[in-house]
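Novice: Take a look and give me a structure for this.
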Amino acid sequence: MTHVVYQVVEHDGGWAYRADGVYSETFPTREAALRTAKRVAREQRVPGQTEEIQYEGADGVWRTEHADGHDRPDTDVVG
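Specialist: Just a heads-up that it's a prediction; the model follows:
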């Protein structure tokens with residue numbers, strides 16, 4: 001199972017959360033960033049529908065995959 005950690009950090013003159021090196025939008029307060037990170041982490045764990053997805057990889061190649069809507073990551077929020 002995948003494990004995603006959302007970390008609340010100072011960013012761009014305010015606060016943001018990041019996961020796997022990617023930052024969210026900037027929030028004016030740490031509390032606002034933390035509250036949103038917790039909501040996002042909860043939503044990430046919600047099962048969805050099983051379906052085919054398409055995405056462009058870092059190499060620029062488009063791929064199609066079968067995504068099991070019940071294969072959701074475990075999440076944590078720190079900071």
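
Novice: now the one helix or strand residue 18 maps to: mean pLDDT?
Specialist: Element membership of residue 18, judged by DSSP states H and E, is strand 14-19. Predicted confidence along strand 14-19 averages 98 (mean pLDDT).

Novice: do stretch 39-50 as well
Specialist: 95.

Novice: which residues are in contact with it?
Specialist: By CB atoms under 8 Å, 6 or more residues apart in numbering, the surrounding residues in contact with stretch 39-50 are 4, 6, 17, 24, 66-70, 72-77. For the C-beta atoms, the positions are set from N, CA and C on the backbone; glycine is no exception.

Novice: With respect to residue 38, which of the residues you listed is nearest?
Specialist: Nearest to residue 38 out of those is residue 77 (CB to CB; 5.2 Å).

Novice: and residue 1, what is it in contact with?
Specialist: Applying CB under 8 Å, 6+ apart to residue 1 gives the contacts 71, 73, 74.

Novice: Distance of the first one relative to residue 1?
Specialist: It stands for residue 71. Distance, residue 71 to residue 1, using CB to CB, to the nearest Å: 8 Å.

Novice: How about the last one?
Specialist: In this structure, residue 74 lies at 6 Å from residue 1, with CB to CB as the measure.
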